[in-house]
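Novice: My questions are about this predicted structure, shown below with the sequence.
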Amino acid sequence: ALLRRLLGLGLPRGRGRLSAACRRALRSAALTESCIYAGTIRHRRLEPSNEFSHALALAYVDLEELPALLHGKLLARGPGPLRFRRRDYFGDRTVPLAAAVSDRVAELSGVRPEGPIRLLTQLRSWGMCFNPVSFYYCLDRCA
């Protein structure tokens, strides 16, 4: 049911190989780089013995698309099934996240990212935030 709702919102999902006609049609359509990855997380401990697995969904967000996503149907600024809250992420919350990440990369490496910056993270779900780690991908301008 969730997957059907995501497709109705225009979010891409992983697919197999596409025919040439489908690729041409997709090139002419408005696509987003942001998507949701679904998978399974597993844990196993030998001492004391413990094992579990459960479903996991991670948002892969192009930070330049974030304002449009926040004004769309999926990500809410207020309470909702999925919520992006700026203060949950890196840096000063009064600074746009892409700028904060770009500034930090430039500070540490001496090189400012020139391409898109993307974030792989767990969003707030119904107001709850469990996000032990977020990954920022700083791509070159050809990406």
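Specialist: Alright, I've got the coordinates.
Novice: Give me the neighbour count for residue 59.
Specialist: Per other C-beta atoms under 10 Å, the neighbour tally for residue 59 reads 20. C-beta: built from backbone N, CA, C; applies to glycine.
Novice: ok, now residue 58?
Specialist: Around residue 58 there are 19 residues (other C-beta under 10 Å).
Novice: and if you look at the one 3 residues further on?
Specialist: When neighbours are counted by other C-beta under 10 Å, residue 61 registers 24.
Novice: where's it relative to residue 37, distance?
Specialist: 11 Å (C-beta to C-beta, to the nearest Å).
Novice: Which neighbours do those two have in common?
Specialist: Taking C-beta atoms under 8 Å, 6 or more residues apart in numbering as the contact criterion, no residue touches both residue 61 and residue 37.
Novice: Which stretches in the chain count as strands?
Specialist: 35-45, 50-62, 75-76, 82-83, 117-121, 124-125, 135-138 (DSSP state E).
Novice: And the lowest mean pLDDT element among the helices and strands of the chain?
Specialist: Least confident helix or strand of the chain, by mean pLDDT, DSSP states H and E, is helix 2-8 with a mean of 53.
Novice: Give me the contact list for stretch 60-72.
Specialist: Under C-beta under 8 Å, 6+ apart, the answer for stretch 60-72 is 9, 32-37, 75-77, 84, 96-98, 101, 116-121.
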